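Asker: Give me a 3D structure for the following:
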Amino acid sequence: MIGELKKQNRFLQNAKQFVRLVRVLLYEFRLFIICSLTAFLTSTILLYTLYPIKELPAHHHSLLGVAYDTVQLTFFQSPIPFVDDWRLVPVFFGLPILGLLVITEGVIQLGHLLLQKRTYSKEWQMMLAASFENHIVVAGMGNVGFRTMEHLKRYGESVVCIERNAESSFLQELEEYEVPAVIGDIKNPHILEKASIRKAKAFLAVTDNDLANIEAALTVRELAPNIRIVIRVFDHKLAEKVEKQFGIDAAFSASALSAPVFAQAALSSNLLASFEFGGAVLNAFQLTVAEKSLLHDRQIDQIRDKYEVTVLMHQRDAVVDWNPPPSTVLKSGDKVLIMTDNKNVQTFLTY
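Answerer: Take a look at the predicted model:
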């Protein structure tokens with residue numbers, strides 16, 4: 001089941017990449033496409049209305065047949081005889097020249113684009129970023145921004161990054177994640193537009209400059225009123241005020257977020273996380289069942305009743321069960337992920 005989901009995710013990612021590539025190509029070749037279509041349609045209409053097609057074999061008489069003749073004329077073929085009519089002279093002489101120019105310029109442009117793609121140049125990343133939609137924009141490619149991007153990619157999200165420092169070491173690693181970066185000031189509306197902010201579903205400002213994060217968030221709110229905005233603010237009190245007064249969906253203090261991690265690490269390596277819900281502090285523990293431990297040879301239901309915990313995950317050997325049956329008996333070497341409140345935390349801190 002997990003293997004099938006991975007294959008489906010890989011297929012979806014490849015499909016998204018293909019769609020983005022097509023968008024980039026269409027955007028870059030839009031002028032050639034418009035000119036070529038205009039010339040083709042105009043030439044086809046002129047031939048159909050002015051050329052004595054009734055003198056030709058029957059397969060030239062239909063509009064589709066004339067369109068096919070136009071294509072052949074473009075590529076130096078002579079499907080129909082030349083007619084000395086000044087209105088048709090541009091068709092017979094102009095189409096082959098236009099075809100030569102289009103082919104030559106198209107090959108040069110395509111080669112240039114493929115070279116940019118292969119080298120993952122800044123120009124290619126800008127073009128790629130412009131093709132994104134329903135993505136998440138992460139502003140600030142420092143330690144926090146890069147780790148945030150990594151987590152978002154694990155969730156299967158499309159990400160575009162903005163970074164002011166073109167020499168940031170993290171920018172070189174983005175190609176591995178297929179994440180384009182826009183170089184510039186996150187407060188600049190023009191830079192935000194290059195990251196397709198109007199088509200994005202969320203914006204995260206995680207630089208180490210509080211004012212820059214707040215100003216960027218306000219600018220984004222003007223450009224995309226319905227987008228979800230999350231910002232990083234050093235002072236947790238300021239974070240609360242910003243969130244309430246400026247219509248920011250979430251503002252987090254890095255120091256406030258890291259404090260529980262340090263406290264958890266000081267208490268026990270088994271304590272993974274603590275968070276508040278419904279007025280209660282909940283604690284997540286990852287435990288390995290030892291032979292003489294209080295969990296050994298007990299059913300999950302018995303452990304739940306005795307210690308008032310919730311067993312979220314059970315692993316035996318390489319098999320992981322994310323919803324283990326209550327009748328499962330824990331054995332030595334098993335791993336469990338449990339959730340409990342502060343009343344029982346001491347029981348598992350000394351486990």
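Asker: Pass me the low-pLDDT residue ranges in the stretch 251-351 of the chain, would you?
Answerer: 349-351 (pLDDT under 70).
Asker: Over to the stretch 51-200 of the chain?
Answerer: 108, 110-121.
Asker: so where do the helices sit in it?
Answerer: For the stretch 51-200 of the chain, the helices defined by DSSP state H, counting those that start in this stretch cover 63-74, 89-119, 122-130, 143-154, 174-177, 189-194.
Asker: For Asp334, which of these is the nearest?
Answerer: Closest of the helices of the stretch 51-200 of the chain to Asp334 is helix 143-154, at 25.9 Å (criterion: C-beta to C-beta). No exception for glycine: its C-beta is placed from N, CA and C like everyone else's.
Asker: Now do that closest one: distance to the chain's middle.
Answerer: In terms of C-alpha atoms, centre = their mean, to the nearest Å, the centre of helix 143-154 is set 12 Å apart from its chain centre.
Asker: thinking again about what came up before, now the helices of the stretch 51-200 of the chain in a markdown table, with distance to Ser43 and mean neighbour count?
Answerer: Shown next, in a markdown table, are those (distance: least, C-beta to C-beta, whole Å; neighbours: other C-beta atoms under 10 Å):
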| stretch | distance to Ser43 | mean neighbour count |
| --- | --- | --- |
| helix 63-74 | 5 | 18 |
| helix 89-119 | 5 | 14 |
| helix 122-130 | 31 | 19 |
| helix 143-154 | 48 | 16 |
| helix 174-177 | 44 | 14 |
| helix 189-194 | 38 | 17 |
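Asker: is it possible to export those helices to TSV including distance to Leu56?
Answerer: Formatted as TSV, the helices of the stretch 51-200 of the chain follow (distance: least, C-beta to C-beta, whole Å):
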stretch	distance to Leu56
helix 63-74	9
helix 89-119	15
helix 122-130	45
helix 143-154	60
helix 174-177	55
helix 189-194	52
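Asker: Select, out of those helices, the one closest to Arg232.
Answerer: From these, taking C-beta to C-beta, the stretch that ends up closest is helix 143-154, at 6.5 Å.
Asker: what comes into contact with the closest one?
Answerer: For helix 143-154, the surrounding residues in contact (C-beta atoms under 8 Å, 6 or more residues apart in numbering) are 136, 138-139, 141, 159, 161, 163, 170, 173-174, 177, 179, 204, 206-208, 232, 254.
Asker: and Val261, how many residues sit next to it?
Answerer: 13 (other C-beta atoms under 10 Å).
Asker: Show the backbone phi and psi for it.
Answerer: phi -60, psi -40 (degrees, to the nearest 10).
Asker: Please parse the chain into its domains.
Answerer: Listed domain ranges for the chain are 2-119, 125-255, 268-349 (source: automatic domain parsing).
Asker: List only buried entries from the contacts of helix 143-154.
Answerer: Listed as buried from the contacts of helix 143-154 are 136, 138-139, 141, 159, 161, 163, 170, 174, 179, 204, 206-207, 232, 254; burial here means 16 or more other C-beta atoms under 10 Å.
Asker: now for stretch 78-86, what's the gap between its first and last residues?
Answerer: The first and last residues of stretch 78-86 sit 18 Å apart, counting by C-alpha to C-alpha, to the nearest Å.
Asker: quick one: contacts of that stretch?
Answerer: With contacts defined as C-beta under 8 Å, 6+ apart, stretch 78-86 is touched by Leu47, Leu50, Tyr51, Pro52, Leu56, His60, Tyr68, Asp69, Gln72, Leu73, Phe92.
Asker: ok, now with 6 Å
Answerer: By C-beta atoms under 6 Å, 6 or more residues apart in numbering, the residues outside stretch 78-86 that reach it are Asp69, Gln72, Phe92.
Asker: so what's the residue nearest the centre of the chain up against?
Answerer: Centroid-nearest residue in the chain, with C-alpha atoms, centre = their mean: Ser158, separated by 0.8 Å. Counting by C-beta under 6 Å, 6+ apart, Ser158 makes contact with Phe132, His135.
Asker: Please repeat the previous calculation with a cut-off of 8 Å.
Answerer: Lys16, Phe132, Asn134, His135, Ile136.
Asker: Based on its surroundings, how many neighbours for Glu276?
Answerer: By other C-beta under 10 Å, 9 other residues sit near Glu276.
Asker: Just confirm it contacts Asp341, I think it does.
Answerer: No: the criterion here is C-beta atoms under 8 Å, and Glu276 misses it with Asp341 at 10.4 Å.
Asker: Could you tell me which residues touch both of those two?
Answerer: Residues touching both Glu276 and Asp341 (C-beta under 8 Å, 6+ apart) are Leu282.
Asker: Tell me the one of the contacts of Ser158 nearest Ser269?
Answerer: For these, the nearest to Ser269 is Ile136 (32.2 Å; C-beta to C-beta).
Asker: Identify the residue spatially nearest to that closest one, adjacent ones excluded.
Answerer: Leaving aside its sequence neighbours, Ile136 sits nearest to Ala202 (C-beta to C-beta, 6 or more residues apart in numbering; 4.5 Å).
Asker: Do I have it right that the one you found meets Ile227?
Answerer: Yes: using C-beta under 8 Å, Ala202 makes contact with Ile227 at a distance of 6.4 Å.
Asker: still on that earlier bit, now the residue nearest to the centre of the chain: how far from Ala195?
Answerer: According to C-beta to C-beta, to the nearest Å, Ser158 and Ala195 sit 12 Å apart.
Asker: overlap in contacts of these two?
Answerer: Among the neighbours of Ser158, those also in contact with Ala195 (C-beta under 8 Å, 6+ apart) are Phe132.
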